[in-house]
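> Show me the folded form of this:
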Amino acid sequence: MLEQQSLVRWNAEENTLEVYAAIANQADADASFKAAIVFLNPPLRDAVGLDRVEVTEDDRNGKTPFLLKPYTETVLKHTFATAGQLERAWLSKGVGIEITTKGKRMTLPIKYGEIG
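Predicted coordinates:
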């Protein structure tokens, strides 16, 4: 499950877009999953020049497929170079995390976006 602490931040001075996605396992069993960052907003997709990027490492140096023990979480972080000016409206729900587990795929939009 995507946690509320997840966010997308654009650094205007450095022209970088940072994506932080906190993923939690709220089940009683281990959870194994793969993840990708997906650009849902077309202008944002154009500014980054990508549709999706596979996430290969988390904040605990775990590798894909990621394994979470019951009631634990991990943070997936990725930084992208951007071209041009971004708008705040593009950030909220403009980026999602695609999670694949047990043959099922779901895309969860990141609700919080900010310009820093």
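> Would you check that Phe33 makes contact with Thr101?
Yes - with contact defined as CB atoms under 8 Å, Phe33 counts as touching Thr101 (4.0 Å). Yep, even glycine has a C-beta here, placed from its N, CA and C like the rest.
> Just the terminal-to-terminal distance for stretch 37-48.
12 Å (CA to CA, to the nearest Å).
> and what of stretch 83-101?
End-to-end distance for stretch 83-101, by CA to CA: 33 Å.
> Can you show me the strands along this structure?
Secondary structure of the chain by DSSP state E: the strands cover 7-11, 16-24, 31-39, 52-55, 66-68, 73-81, 95-101, 104-109, 113-115.
> May I see the buried residues of the second one?
Counting neighbours by 16 or more other CB atoms under 10 Å, one finds that the buried residues in strand 16-24 are Leu17, Glu18, Val19, Tyr20, Ala21, Ala22, Ile23.
> if we can go back for a sec, tell me which of the strands of the chain lies nearest to Asp46.
Nearest of the strands of the chain to Asp46, taken as CB to CB: strand 31-39 at 8.9 Å.
> Contacts made by that closest one with the rest, please.
Contact with strand 31-39 is made by 19, 21, 23, 25, 45, 48, 50-55, 64-68, 76, 78, 94-101, 107, as judged by CB atoms under 8 Å, 6 or more residues apart in numbering.
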